[in-house]
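Enquirer: Sequence first, then the predicted structure:
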Amino acid sequence: MQSFFLVLLVLAAIVEVIVANGQYVAPTIWPQPKVFTFGQDSLSIAPLKFEVVGGGHIATLDAAFSRYASIMFPHAMPKKKYGKGNHVTTVQVKVVDPSEAYPQLSTDESYTLDIPSVADVEQGHASSITITANTVYGALHGLESLSQIVVFDYDEKMYQIVASPVHVEDAPRYPHRGLLLDTSRHYQPIPMIQKVIDSLAYAKFNVFHWHVVDSESFPFESRTYPRLWEGAYTKAERYTQEDIYGVVEYARLRGVKVMIEFDMPGHAGSWCAGYPEICPSQQCKQPLNPASNATFPLITSLLQECTGQAKDGEPALFPYELLHLGGDEVSYSCWETSSEIQAWEAANNLNGSEDTYKYFVDQAATITRQLSRTPVQWVEVFEHFGSTLDKNTIVHVWKEKTTLNGVVEAGYKTLLSNQDSWYLDHLGTTWQTMYINEPTDTLPSTSSPETLALIMGGETCMWAEKVDPSDMFNTIWPRAAAVAEVLWSPQAALHPDVSNPSYVDWETVQNRLETFRCLLTQRGIAAAPVLNSQARSAPPSPGSCYVQRRR
C-alpha cells in the first residue's frame, strides 16, 4: 500500500508538469494500472520499430503495430534528429501464447511494460521498450498503455517518455467490461460503430454490447428469415451480414468482443413487419406470440445464424460465448387480449401470462444453450422467477444496485449496469457518480470470495432515443472512462485509503481524466469537457483542452 501511495504522489507531481510552455499536462495511463512506477528522466524515442520476440509474425499484432505507430507518432520528424545511442528505437513484444483465437471470458489480458532508464540507454545496456503478455490480447493493452505515455516535445521536435524508467504490471479486475450501444432507436452507420470500438480499446473496455434491434427498427440481415429487416427504418439503414462480420473482426483486432442482443419477447414489435404471424396482432405487436408455430422456429434459426449453426454453413457471426436475450419490460396486455394465446395457455396448462412469460424466456434460453452459448437476460427475468431459472444464466442488473444482492446470493453470475449510475442517456449523471459506483458495495462485508466472483463485470449503456451520429461520442465520453476504470483497476487504485473505503482523491483523478479526455479528442473522438454539469454541453469559453471549467 505504501508503494501505491508513492505512485499517487509521483502522479500528482507529474500531472503538474508543463511541457514546452504549452498548456497540456504530462500523460498518465487510463485506466490506472495495478502497478505503475516511473522516474523523472526524459527519454528520447525515435519512431519505433515493433517486433515480436522470437521472430515471425502474428497478424493481430502486425495490424496493431501499424495502428499504434500512427497513433504514437503523428508528427513528421526532422531528418537526422537523433544521435547514435541516445534514444530508444524498438518495442519488443513477447507473447507466451500466439493464438489469435476469438477472445472469451477466460482470456488472459494481463501484461507488463518496461521502459529503460536514460542511463541504461546511454551506456548501451538497453535499447528497447519491452511488453510481455500471455496472449495477444494482453499485448494489445500493453501497446495502448505505452501509447498514452509517449509525448511530443514541440520545441525539440522529438518524441519522449517524460518519466523513465517505467515499469507497469497490469491486469483487469473483471473479465467483462462493456459498453452497450443501441442501434435500433437511431441507426448508427458502420464507420461510427468502428470509431466507437476504437474508443473502447483506448479505455481497455473489452465488450461491445450490440443492442441491434428493438421495437422501433430491425436493421439486422437474416439469411434464413430474409424479411426480418423489412422492419428497418429504410433500406439505407441496415446491416448486411458482411457488415456484421466486418464489425466483429474489426473489434477482435482491438481486443474487443461483440455480444449481440435480441431482446425478447418484449421490445420486439419491429419483427412483425416481415413476419406478422409471430406477433399477437398487427394492432398489438408485442410481446411476441408464443402460441404461433412460427415463433420459436424463427428464433432458433436466427440464433443459429449468430452462432454458426444455420443450414447455410456460414461461420458464426458472433463467436463470443455470451448471447443476450433481453427479457425486460414485458407487458402482458397483448397476450391477455388474444383469444389465440388464451386458448394456447389453457391447452398447455399455463396459468396466465406469468407462466407464459416464464415459458418464453426458458425456451429462448434453452435454444441458446443448445447452441453452445450462455444466455444473458435482464434482471426482470430473475425478479419474476428467481432460483427457478437455470443456473447457467447470467443476470444483467439494470435497476437499483441492491437488486444485485439477491442475484448473487441465489448463486447466479451477474453483470452490473444500474441505471442511476451507469446509463449514459441520463445526461445529468456525472462522471463522479459513475466513478464511485463500486459493484460490491451493497453486498455484505462478509461475502465470500466465491460470491464476489459471481460478478463478471458490467457495462455502461448508451440507449439511443435521443442519440444519433451527431451527438453520440460527446454523450459517451469522457463519462464512460469512469466506468472503464472501475471495471479495470483494483479497488486500491480507486480508493487508496484503507481506513476510509469510500475515499477518492478527486483532484488527482480529475487531472488524469482531463488528460485522457484530451487524448481522446487528439485521436478524433469527440469527447465532451470533463466538468460539464450536463453531458455533451459545449465548452463554456475559449481555452486549453486541459483547463475546462464547469459550464
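Expert: Received it, and whenever you're ready, just let me know what you need.
Enquirer: so which helix or strand takes in the closest residue to I190 other than its chain neighbours?
Expert: Closest residue to I190 apart from its sequence neighbours, by CB to CB, 6 or more residues apart in numbering: D243 at 5.5 Å. Where C-beta positions appear, they are placed from N, C-alpha and C, glycine not excepted. Using DSSP states H and E, D243 maps to helix 241-252.
Enquirer: do A69 as well
Expert: helix 59-72.
Enquirer: buried ones in that helix?
Expert: Buried residues in helix 59-72, counting neighbours by 16 or more other CB atoms under 10 Å, are found at T60, L61, A64, F65, R67, Y68, A69, I71, M72.
Enquirer: just the angle between the longest strand anywhere in the chain and helix 59-72, please?
Expert: Longest strand of the chain, by residue count under DSSP state E: strand 35-52. Interaxial angle, strand 35-52 versus helix 59-72 (axes from the mean of the first three to the mean of the last three CA atoms, to 10 degrees): 110 degrees.
Enquirer: low-scoring pLDDT stretches of the stretch 401-550 of the chain, where are they?
Expert: The model of the stretch 401-550 of the chain has pLDDT under 70 over residues 548-550.
Enquirer: same thing with the chain?
Expert: For the chain (pLDDT under 70), the answer is 1-27, 79-86, 312, 548-551.
Enquirer: Break down the stretch 201-350 of the chain into its strands, ranges please.
Expert: 207-211, 257-261, 322-324 (DSSP state E, counting those that start in this stretch).
Enquirer: by contact count, what packs against the last one?
Expert: Using 3 or more CB pairs under 8 Å, 6 or more residues apart in numbering; DSSP states H and E, the elements in contact with strand 322-324 are strand 257-261, helix 295-307, strand 374-378.
Enquirer: which ones are touching C284?
Expert: With contact set as CB atoms under 8 Å, 6 or more residues apart in numbering, C284 has these partners: S333, C334, T337, S338.
Enquirer: Does the spatially most central residue of the chain fall in a helix, a strand, or a coil region?
Expert: Centroid-nearest residue in the chain, with CA atoms, centre = their mean: G178, separated by 2.8 Å. Using DSSP: H, G, I helix; E, B strand; the rest coil, the structure places G178 in strand.
Enquirer: In the sheet, which residues pair with it? Tell me.
Expert: For G178, the beta-bridge partners under DSSP bridges are V207, E459.
Enquirer: That one reaches G458, doesn't it?
Expert: Yes - G178 is within contact range of G458, at 7.4 Å (criterion: CB atoms under 8 Å).
Enquirer: Name the residues contacting each of these two.
Expert: With CB under 8 Å, 6+ apart, G178 and G458 have common neighbours L415.
Enquirer: and Y423, what is it in contact with?
Expert: Here Y423 is in contact with W398, S417, T429, T460, C461, W463 (CB under 8 Å, 6+ apart).
Enquirer: gap between it and N437?
Expert: Between Y423 and N437 the distance is 11 Å, computed by CB to CB, to the nearest Å.
Enquirer: can you list the contacts of Y423 in CSV and add secondary structure and neighbour count?
Expert: Compiled in CSV, the contacts of Y423 are given as follows (DSSP: H, G, I helix; E, B strand; the rest coil; neighbours: other CB atoms under 10 Å):
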residue, secondary structure, neighbour count
W398, coil, 21
S417, coil, 24
T429, coil, 21
T460, strand, 28
C461, strand, 25
W463, coil, 19
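Enquirer: any chance of those in JSON lines, plus distance to E277?
Expert: Listed next are the contacts of Y423 as JSON lines, based on distance: CB to CB, whole Å:
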{"residue": "W398", "distance to E277": "31"}
{"residue": "S417", "distance to E277": "34"}
{"residue": "T429", "distance to E277": "41"}
{"residue": "T460", "distance to E277": "37"}
{"residue": "C461", "distance to E277": "32"}
{"residue": "W463", "distance to E277": "29"}
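Enquirer: What count of nearby residues applies to the closest residue to E336 other than its chain neighbours?
Expert: Spatial nearest neighbour of E336, chain neighbours left out: S353 (5.9 Å); criterion: CB to CB, 6+ apart. Per other CB atoms under 10 Å, the neighbour tally for S353 reads 19.
Enquirer: and stretch 101-115, which residues are buried?
Expert: Y102, P103, L105, T107, D108, E109, S110, Y111, T112, L113, D114, I115.
Enquirer: cool, stretch 431-442 as well?
Expert: Buried, per 16+ other CB under 10 Å, within stretch 431-442: W431, Q432, M434, Y435, I436, N437, E438, P439, T440.
Enquirer: Not counting that stretch itself, show me its contacts.
Expert: Outside stretch 431-442, the residues touching it (CB under 8 Å, 6+ apart) are 174, 401-402, 404-405, 416, 418, 421-422, 447, 452, 455, 458, 460, 478-483, 485-486, 491, 494-495, 502, 504, 506, 509, 513, 530.
Enquirer: Buried subset of those residues, written for ChimeraX?
Expert: Typed into ChimeraX, the line below selects the buried ones among the contacts of stretch 431-442, using 16+ other CB under 10 Å:
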select :174,401,404,405,416,418,421,422,455,458,460,478,479,480,481,482,483,485,486,494,495,504,509,513,530
